[in-house]
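Trainee: Below: sequence and its predicted model.
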Amino acid sequence: MRVLPMGLMLVGLLASAPAQARQLSLADVNDANPGEATSKPTQPLLLKAQVLLDRAGFSPGAIDGLNGDNFANALRSFQKRSDIAESGTLDPATWSKLLDTSSEPVLIEYTITRDDVKGPFAEAIPARFEKKAELKRLDYTSPVEMLAERHHMDEQALRELNPSKDFSKEGTAVLVANVNRSPGKAHVTTIEVAKNDGIVRAFDKAGKLVAAYPASVGSEERPAPSGTLKVTRVAKDPTYTYDPKFEFKGVKATEKLKIAPGPNNPVGAVWIGLSEKSYGIHGTAEPSKVGKMASHGCVRLTNWDALALASMVRRGTVVSFLD
């Protein structure tokens, strides 16, 4: 049998990811290692790498165990910070550096509490802005949606890790990503929004890359700005105001609409206002679509990434839009 070098073996394993993976255990993911001969390395390895990247501040977006563009971009940003060739693949040098960032297990067992299941939860979030404006708050719609967001996970991936588990029942033990939910500690002085790549990069005063996030940036209908702006304010749990001047497709309102706060608000859990009127960096109600679908001119991150960035910026932080 021909033995492949580790680098070639790792790339080959990633390329052969199955469309549907079997139920995974804690050990499958926590012990995943590309150097081992195994028949099931792909999805566990990707989950482990995504959690490690998330902890290091280089977000893959919603953790899903898939080898997509958000994951590749997170790897490139981590490689850039680590002075590794920016291949966007999980090569041996990158894997070694990732393992150096944290030794804690990447999956843990979490027991659902009474507070987790008591809500309040919204019955449904309507698609139309006019109907959203009728709600008193845009809360999560279920415990599983809340727990997925709390642990930076894709909701479907969380369900697949926990088949047949009742997320609405207190005392249920489920597997979740062991992510870092603490606010970022760096002081970010410069943000780069790479419009074509769908990436937001954050730099400290010394010019060191400290974090990177996948983003949906603008649309053909309402393109993102160009040039350099500045952060003017940060508003957590914001109310969203729709102005008919925006002329969003499908919105027929002729007067301003005020949409109540909540994680399912159109701008999510936080608004980072910029010096060009009506533009900002913000969260989203649909984290799994970040980096995959356009936004209404602004810079859309997952709620958890937007909150992490908001904790590190100040009024006057420079935001450069790169074409």
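Mentor: Great, that's in hand.
Trainee: which residues of the chain fall in strands?
Mentor: Counting by DSSP state E, the chain has strands at residues 107-111, 173-177, 188-194, 199-204, 209-214, 216-217, 227-236, 240-242, 257-259, 270-274, 280-282, 299-300, 318-322.
Trainee: Nearest to A127, out of those?
Mentor: strand 257-259 (12.6 Å; C-beta to C-beta). (Glycine included, C-beta is placed from N, CA and C.)
Trainee: packing partners for that closest one?
Mentor: Helices and strands touching strand 257-259, as assessed by 3 or more C-beta pairs under 8 Å, 6 or more residues apart in numbering; DSSP states H and E, comprise helix 129-132, strand 240-242.
Trainee: most packed of the strands of the chain?
Mentor: Of these, the one with the most neighbours on average (mean count of other C-beta atoms under 10 Å) is strand 299-300, at a mean of 30.
Trainee: Show me what the longest helix along the chain is packed against.
Mentor: Criterion DSSP state H: the longest helix present in the chain is helix 42-56. Applying 3+ C-beta pairs under 8 Å, 6+ apart, one finds that helix 42-56 contacts helix 6-15, helix 26-30, helix 69-81, helix 92-101, strand 173-177.
Trainee: Can you name the residues in contact with the longest one?
Mentor: Spelled out, that is helix 69-81. 46, 49-50, 53, 56, 58-61, 85-90, 94, 97-98, 197-199, 201, 208-210, 212, 214, 290-292 (C-beta atoms under 8 Å, 6 or more residues apart in numbering).
Trainee: Which ChimeraX command selects the buried ones in those residues?
Mentor: For the buried members of the contacts of helix 69-81, the matching ChimeraX selection, counting by 16 or more other C-beta atoms under 10 Å, is:
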select :46,49,50,53,56,58,59,60,61,88,89,90,94,97,98,197,198,199,201,209,210,212,214,290,291
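Trainee: circling back: ok, and which of the helices and strands packed on helix 42-56 has the densest surroundings?
Mentor: Sort the helices and strands packed on helix 42-56 by mean neighbour count, taking mean count of other C-beta under 10 Å, and helix 69-81 sits at the top with a mean of 22.
Trainee: quick one: that helix to strand 209-214, angle?
Mentor: Here helix 69-81 runs at an angle of 170 degrees relative to strand 209-214 (axes from the mean of the first three to the mean of the last three C-alpha atoms, to 10 degrees).
Trainee: what's the first-to-last distance across stretch 63-71?
Mentor: Distance across stretch 63-71, first residue to last, is 9 Å (C-alpha to C-alpha, to the nearest Å).
Trainee: Could you give the separation of it from the chain centroid?
Mentor: Counting by C-alpha atoms, centre = their mean, to the nearest Å, stretch 63-71 is centred 10 Å from the centre of its parent chain.
Trainee: quick one: average pLDDT of stretch 205-216?
Mentor: Average pLDDT, stretch 205-216: 97.
Trainee: What is the end-to-end distance of that stretch?
Mentor: OK, stretch 205-216 end separation, C-alpha to C-alpha: 26 Å.
Trainee: Make TSV from the helices and strands packed on helix 42-56 and add mean pLDDT to it.
Mentor: TSV is the format used below for the helices and strands packed on helix 42-56 (pLDDT from 0 to 100):
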stretch	mean pLDDT
helix 6-15	38
helix 26-30	94
helix 69-81	96
helix 92-101	94
strand 173-177	98
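Trainee: Which of the ones you listed sits closest to D115?
Mentor: Across the helices and strands packed on helix 42-56, D115 has its closest neighbour in strand 173-177 (15.2 Å, C-beta to C-beta).
Trainee: quick revisit: quick check: which of the helices and strands packed on strand 257-259 is nearest to K277?
Mentor: Among these, if distance is taken as C-beta to C-beta, the winner is strand 240-242, at 11.9 Å.
Trainee: Tell me who's in contact with A56.
Mentor: By C-beta under 8 Å, 6+ apart, the neighbours of A56 are F78, L98, T101, S102.
Trainee: Would you reformat these as TSV and include distance to S168?
Mentor: Below are the contacts of A56 laid out as TSV (distance: C-beta to C-beta, whole Å):
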residue	distance to S168
F78	36
L98	35
T101	35
S102	32
